[in-house]
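> Requesting a structural model of the entry that follows:
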Amino acid sequence: NHMTQECAKTLRLITESQKIISKKKFELMLPILKELEKNNVNYACLKGLIYELEIYELGARRSNDCDILVWENDLEKVDTILRKQGFIQSEDAGLTEASRRSKLIQRMNYHDLIPYFRKIDDFPLQKKLKIDINFHIDGKDNDITKQVIDFGTRELKYGDESIRGLNKIGHFIQLCIHFY
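Residues are numbered from 1 along each chain as shown. This next block holds a predicted model:
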């Protein structure tokens, strides 16, 4: 019985810590999402950012990163916005900026996702925030990203703020292709 109580306390501590991390993540993401809106970037938040607002109670799900879907044509705008917010494109989990060559190879070989990292100096529970910029739902040969975003997005409330995600069918399509 003592072991069960200790296990329950530990799980509550983990959940409460994750809730604090999730709140910090949204605090850091909201200005970025506002800048995307201001700069007319066609985007939709994906996966964890959406799940935490409509499926799971905040803190119940651990998330490694934030995923955002954008049109490939908007990648330069997105890069500028993220750099102004202190993010770098990196191959080594945010320790150093990726070389121009590495960025080109990554985009040619994977051509669907660009990882960005930002150090979080004043937050002991998580030292970095990672944002994966997704720009192809399916491969380059069957690019349906624009059609899925045009199919519809929706606003999800986070307190007094909101974030944009794909409509439920579009998000389901993205998840099926992603996990396939």
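
> packing partners for the helix ranked longest in the chain?
Counting residues, the longest helix found in the chain (DSSP state H) is helix 2-38. When contacts are defined as 3 or more CB pairs under 8 Å, 6 or more residues apart in numbering; DSSP states H and E, helix 2-38 sits against strand 43-46, helix 48-54, strand 66-70, helix 75-84, strand 128-134, strand 161-166. Quick note: C-beta positions are derived from backbone N, CA and C, even for glycine.

> in that helix, what's buried?
18, 21-22, 24-26, 28-29, 32-33, 35-36 (16 or more other CB atoms under 10 Å).

> That one to strand 66-70, inter-axis angle?
Inter-element angle recorded for helix 2-38 and strand 66-70: 30 degrees (by axes from the mean of the first three to the mean of the last three CA atoms, to 10 degrees).

> For helix 2-38, what is the distance to the chain centroid?
14 Å (CA atoms, centre = their mean, to the nearest Å).

> Tell me how many other residues crowd residue 60.
13 (other CB atoms under 10 Å).

> Surely it is in contact with residue 14?
No. With contacts counted by CB atoms under 8 Å, residue 60 stays clear of residue 14, the gap being 10.2 Å.

> any idea how far the most centrally placed residue in the chain lies from residue 130?
When CA atoms, centre = their mean is applied to the chain, the residue found nearest the centroid is residue 66 (1.7 Å). To residue 130, residue 66 is 7 Å away according to CB to CB, to the nearest Å.

> Show the contacting residues for the residue lying closest to residue 66 once chain neighbours are set aside.
Nearest non-adjacent residue to residue 66, counting by CB to CB, 6 or more residues apart in numbering: residue 131, 4.8 Å away. Under the criterion of CB atoms under 8 Å, 6 or more residues apart in numbering, the neighbours of residue 131 are 29, 32, 65-68, 82, 87, 115-118.

> circling back to that earlier point, ok, of the helices and strands packed on helix 2-38, where does mean pLDDT dip lowest?
Confidence, taken as mean pLDDT, is least for helix 48-54 of these (a mean of 88).

> Run the chain-centre distance for it.
Put simply, helix 48-54 sits 10 Å off its chain's centre (CA atoms, centre = their mean).

> what's the answer for stretch 80-92, then?
Offset of stretch 80-92 from its chain centre (CA atoms, centre = their mean): 13 Å.

> May I see the buried residues of the lowest-mean-pLDDT helix or strand in the chain?
One helix or strand of the chain scores below all others by mean pLDDT, DSSP states H and E: helix 100-110, with a mean of 77. Along helix 100-110, these residues count as buried under the neighbour rule (16+ other CB under 10 Å): 103, 106-107.

> Who are the packing partners of whatever helix or strand comes next after that helix?
For helix 100-110, the following helix or strand on the C-terminal side (DSSP states H and E) is strand 113-119. Under the contact definition 3+ CB pairs under 8 Å, 6+ apart, strand 113-119 sits against strand 88-89, helix 100-110, strand 128-134.
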